[in-house]
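Asker: Generate coordinates for the sequence data below:
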Amino acid sequence: MPNGKGGTAIRNSATFAPPASATDYAIVVRDLSRTYGEGITAVIALRKAGFRASPGKLVAITGRSGSGKTTLLNLIGGLDTPTSGTILLGGRDISRLTERERTFLRRRQVAFIFQAFALMPTLSALENVVLALHIAGFPARARGPRAREVLELVGLGKRLDHRPYEMSGGEQERAAIARALATSAPLILADEPTGELDTATGHEIIELLSNLAHDQGVTVLVATHDPAMVAAADHTFSMIDGVLSAVEGRDIRATEP
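Answerer: Sure, this is the predicted structure:
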């Protein structure tokens, strides 16, 4: 359905209800640090980072490669544990979770979109999404209908049976987004989602992510070098040598709430 900007609008649906939260914020990060190694060989990847984001917002984190953006995403997504500090998702402190609890978090509460798409090359778009639902523990009878629903939502209704090598870069990215959406996770973490795409296709993916945030109540946190993504974001931070700072002119501060 047209949204007035030449793209596809994402409309509200009972299966995409905004997540309930114990606080007003989907993400609250306080004094978050991550150091790898010890002594003189220690590498400080993140230094006392702090920020907050509300449900239904597109948040961009900019910075050079190696600045700490991916480390921050990995910590928030439960792929890594902090050296110190606190991460609250929906009011729950995930920095204190066990490995088993973090695994469950990654299955149902947080979804990932990787720069290189990370689709299974021998599986169709539909099968890639069904696999994600299987891993997340969805009932077998619900996986196919759910996978078709999210693929149609991102504009791949006619490409269900195509494998990654039969799809364009933009279509592969849409399939990766559909896979992230399938479990109805309230938080999506995207690492350079437009990094492998041409400018026009990148704009389509940016619009899709923006619509998902604003129309579906999903919080989308993006690590990016793309100026167009930054322009579309509701809030923007910069990362320099592990230090997170709010970009001037945005209405959110990189400080503890």
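Asker: Okay, strands next: where are they in the stretch 1-150 of the chain?
Answerer: For the stretch 1-150 of the chain, strands defined by DSSP state E, counting those that start in this stretch occupy the ranges 27-36, 43-53, 58-62, 84-89, 92-93, 110-113.
Asker: Now the last one: average pLDDT?
Answerer: Here the mean pLDDT over strand 110-113 is 90, rounded to a whole number.
Asker: Check stretch 159-175 too.
Answerer: 93.
Asker: measure stretch 153-171 end to end?
Answerer: Start-to-end span of stretch 153-171 (C-alpha to C-alpha, to the nearest Å) is 13 Å.
Asker: In it, which residues are buried?
Answerer: 153-156, 159-160, 162-164, 167, 169-171 (16 or more other C-beta atoms under 10 Å). (Glycine included, C-beta is placed from N, CA and C.)
Asker: before we move on, back to that, mind checking which of the strands of the stretch 1-150 of the chain is nearest Ala142?
Answerer: strand 110-113 (17.1 Å; C-beta to C-beta).
Asker: From the contact counts, what lies against that closest one?
Answerer: helix 169-181, strand 187-191 (3 or more C-beta pairs under 8 Å, 6 or more residues apart in numbering; DSSP states H and E).
Asker: which neighbours does it have in its sheet, and in what orientation?
Answerer: Using DSSP bridges, the strands paired with strand 110-113 are strand 187-191 (parallel).
Asker: is it true that Ala178 touches Arg159?
Answerer: No. If you go by C-beta atoms under 8 Å, Ala178 and Arg159 don't touch, sitting 10.3 Å apart.
Asker: Quick check: neighbours shared by these two?
Answerer: Shared contacts of Ala178 and Arg159, defined by C-beta atoms under 8 Å, 6 or more residues apart in numbering, are found at 125, 151.
Asker: how about the helices and strands packed on strand 110-113 in TSV, adding distance to Met229?
Answerer: Output for the helices and strands packed on strand 110-113, formatted as TSV (distance: least, C-beta to C-beta, whole Å):
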stretch	distance to Met229
helix 169-181	13
strand 187-191	9
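Asker: Out of the ones you listed, the one nearest Leu244 is which?
Answerer: Nearest of the helices and strands packed on strand 110-113 (C-beta to C-beta): strand 187-191, 15.2 Å.
Asker: Need the CA coordinates for that closest one. CSV is fine.
Answerer: What follows is strand 187-191, C-alpha atoms only, in CSV (Å, rounded to 0.1, in the frame of the first residue of the first chain):
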residue,chain,number,x,y,z
LEU,A,187,13.8,-5.3,19.4
ILE,A,188,15.6,-5.6,16.1
LEU,A,189,19.4,-5.1,15.9
ALA,A,190,20.8,-4.4,12.5
ASP,A,191,24.5,-4.3,11.6
